[in-house]
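dropping a prediction and its sequence here:
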2 protein chains.
Amino acid sequence: MEAIAPALLDGAALDAWRSYLKSHATILRALDADLIAQHGMTTRDYEVLLYLSQAPDRKLPMSALAESTMLTRSGITRLVDGLVSAGLIERVSCRSDARVSYAQLTDAGYEKLRQAGCTHVASIREMFLEHFTPGEIEQLASLLSRLPGGGGVGACTAE
Amino acid sequence: MEAIAPALLDGAALDAWRSYLKSHATILRALDADLIAQHGMTTRDYEVLLYLSQAPDRKLPMSALAESTMLTRSGITRLVDGLVSAGLIERVSCRSDARVSYAQLTDAGYEKLRQAGCTHVASIREMFLEHFTPGEIEQLASLLSRLPGGGGVGACTAE
DNA sequence: CGATTGCGGTTGATCCGTCAACTATAATTG
DNA sequence: CAATTATAGTTGACGGATCAACCGCAATCG
């Protein structure tokens, strides 16, 4: 009568799961608030700019962005709309395939990313990294990489 | 020129952070999809029912729910609206303070939670717990508990 | 080739959650 | 006790993301 899910999860497992959920919610909320306050940009915006900055020619097809960010194609369309009207991104069409439309980082977008990167990375350090020793970071990286989407080998969701 | 944030984060730190973000997005999306498909309910709904089920009298003030779920009070009002009209929750007023309104789990809500709990916890096992040994779960719990919101000692956000 | 099928992207409707403003009640203070 | 201030909750307007439907183009298959 006392509990439902908790009764089905033993102590450490429950702790791990709850900390995982709560810490994520707390940290992301704070990061977003920082980024918005300091640069008028959400973490999603930042993520898109970052992916573009790392891509050849600083441009990516919309679909690639959608996959990287784990948004739907329609979600990306709208997100990019915003960045375009902010002047941080341009749409350029693809010569070899008229269906695809690239999002390309503008110089202004690159500069914005550079500026935001400083404070954002500092926030990530403060909220996440600084709570661990380098050895623990490695442990954590190794553990988390095994989760679905974590980037490790067994990350296939068995679709 | 090659990277922005990554250049500022060394390898393991970047891996840990990225795995943390991506795994969370992937897992939560899958859990939500499962819960919706099998029980017509979001993880937020589930969370609210769960908190209520663990509360004395199976009821909690709206504000308490808001705090537990990390939603705003207005967000909780709307979420609870939905659960009320689904018959899983009732609103009951407080006799000692006319401002507070409790959300109370109905029998139907309890039953629904019980049913959903089975599959939901199974999904959590599959997506999260099963990737680790018991010892690793403990490690993970210990590490994550140190993060903001993770429930550990230093979890104060220094407001 | 011409028709079908598939892919990339956008749009309309909708849902979910926030913020800001508001109401009503309680607590405080002079 | 009256006036102020604080707290609990709801509501309206809005933003962000999804789904489903769609358009245009490419690729494939007869």
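All right, it came through fine.

where do the strands sit along chain A?
A:59-61, A:89-93, A:101-105 (DSSP state E).

list the neighbouring strands of the shortest one plus their orientation.
Strand A:59-61 sits in its sheet next to strand A:101-105 (antiparallel), going by DSSP bridges.

anything in the strand it pairs with near DNA strand C?
Yes - interface with DNA strand C: strand A:101-105 contributes A:101-102 (CB under 7 Å from any atom of the strand). All C-beta spots, glycine's among them, are computed from the backbone N, C-alpha and C.

pLDDT value on residue A:21, please?
Per-residue confidence (pLDDT) for residue A:21: 97.

cool, residue A:32 as well?
With respect to pLDDT, residue A:32 has a value of 97.

with distance to residue B:105, mean neighbour count and mean pLDDT added, can I get the strands of chain A in CSV?
Output for these, formatted as CSV (distance: least, CB to CB, whole Å; neighbours: other CB atoms under 10 Å in any protein chain shown; pLDDT from 0 to 100):
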stretch, distance to residue B:105, mean neighbour count, mean pLDDT
strand A:59-61, 47, 20, 98
strand A:89-93, 47, 16, 98
strand A:101-105, 47, 22, 98
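
out of those strands, flag the one nearest DNA strand D.
With CB to the nearest atom of the strand, the closest approach to DNA strand D among these belongs to strand A:89-93: 9.8 Å.

can you report how many residues neighbour the residue of chain A found nearest DNA strand D?
Closest contact between chain A and DNA strand D, by CB to the nearest atom of the strand, is at residue A:75 (2.4 Å). Burial of residue A:75 is recorded as 14 neighbouring residues (other CB atoms under 10 Å in any protein chain shown).

now do residue A:80
Around residue A:80 there are 22 residues (other CB under 10 Å).

if I read this right, it contacts residue A:64, doesn't it?
No - between residue A:80 and residue A:64 no contact is recorded; they are 11.8 Å apart, counting by CB atoms under 8 Å.

residues in contact with the closest residue in space to the residue of chain A closest to DNA strand D that isn't next to it in sequence?
Excluding the flanking residues, the one nearest residue A:75 by CB to CB, 6 or more residues apart in numbering or on different chains is residue A:66, at 7.1 Å. For residue A:66, the contacting residues are A:72-73, A:75-76, by CB atoms under 8 Å, 6 or more residues apart in numbering or on different chains.

any idea how far residue A:127 is from residue A:66?
Distance, residue A:66 to residue A:127, using CB to CB, to the nearest Å: 27 Å.

and for residue A:57?
In terms of CB to CB, residue A:57 sits 33 Å off from residue A:127.

over to residue A:63?
31 Å.

settle it for me: which of those two has more neighbours?
residue A:127 (20 against 13).

got the residues of chain A near DNA strand D?
A:42, A:44, A:70-72, A:74-75, A:78-79, A:82, A:97-99.

quick one: the longest helix anywhere in chain A to helix B:11-39, angle?
Longest helix in chain A by number of residues, with DSSP state H as the criterion: helix A:11-39. Counting by axes from the mean of the first three to the mean of the last three CA atoms, to 10 degrees, helix A:11-39 points 110 degrees away from the direction of helix B:11-39.

so for chain A, the centremost residue is which one?
Nearest to the geometric centre of chain A sits residue A:47, at 5.2 Å (CA atoms, centre = their mean).

shouldn't it be in contact with residue A:65?
No - Residue A:47 is beyond contact range of residue A:65, at 9.1 Å (criterion: CB under 8 Å).

re earlier: pull the contacting residues for the closest residue to the residue nearest to the centre of chain A other than its chain neighbours.
Distance criterion CB to CB, 6+ apart; nearest residue to residue A:47, sequence neighbours excluded, is residue A:69 at 5.6 Å. By CB under 8 Å, 6+ apart, the contact set of residue A:69 is A:44, A:47-48, A:51, A:75-76, A:79.
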